[in-house]
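[1] dropping the sequence and predicted coords here.
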Amino acid sequence: MVSEKYPEGKRAPGELERVRTFVNSVDYFDDEEDLPTPDALRAWLVAHELMDEGEPVSDGDLRRALDVREGLRALLLANNELPLDETKVERLDRAASRAGLRPRFLPGEDPGLVPDAAGVDGALARLLSIVAASVADGSWERFKACPRDECFWAFYDNTKNRSKRWCRMETCGNAEKARSYRERHGAKA
């Protein structure tokens, strides 16, 4: 699986790790996709305890799931100070409106958002409820995507000053620094 390539020590906290894994269900650098078909989406959602195995998954469900994934990635890139891709966020918003979330109040617990649907829509709603909770607890702003064109990998910035820019300094950071150096020195020649 694409999403299992990430080092254990660099995972997002709590339930946000589930969202990070979902966003990283495609590896642009190696051109690997965990969700190429509706059946693959079903298997992924079941494996991550977001949906029951017997639920149907259509081509439209797959398109909505990919819209959610890429819309979240656009927001994570914006968290890393890149321009917001408004088209992807609009598609995310349309998919979110279908997913259906509702507030839930239980005695002795804090109110929370829960899915108001089953199947893929419920699974997507669960992921989006995790995003909403991370915004509320302040962890969302540390959730970013690597700005390197070949990468776009989602990661959690656990640095004290929230300044982490690259998913992995030893790969993307070094490659971008070398590219920038070549551009600066090539321009002087």
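    Thanks, I have it.

[2] from residue 53, how far out is residue 144?
    Noted for residue 144: a distance of 33 Å to residue 53, by Cβ to Cβ, to the nearest Å. All C-beta atoms are positioned from the backbone trio N, CA, C, and that covers glycine.

[3] those two - which one has more neighbours?
    Neighbours were counted for residue 144 and for residue 53 using other Cβ atoms under 10 Å; residue 144 has more, 25 against 9.

[4] show the contacting residues for that one.
    By Cβ atoms under 8 Å, 6 or more residues apart in numbering, residue 144 lies in contact with 76-77, 79-80, 154-157, 164-165.

[5] redo that, cut-off 10 Å
    Each residue near residue 144 by Cβ atoms under 10 Å, 6 or more residues apart in numbering is listed here: 75-82, 153-157, 162, 164-167.

[6] just checking, it is part of a strand?
    Yes - counting by DSSP: H, G, I helix; E, B strand; the rest coil, residue 144 is part of a strand.

[7] beta partners for it?
    Applying DSSP bridges to residue 144 gives these bridge partners: residue 155.

[8] how about the strands of the chain, start to end?
    Using DSSP state E, the strands of the chain run over residues 26-27, 32-33, 101-104, 112-115, 143-145, 154-156.
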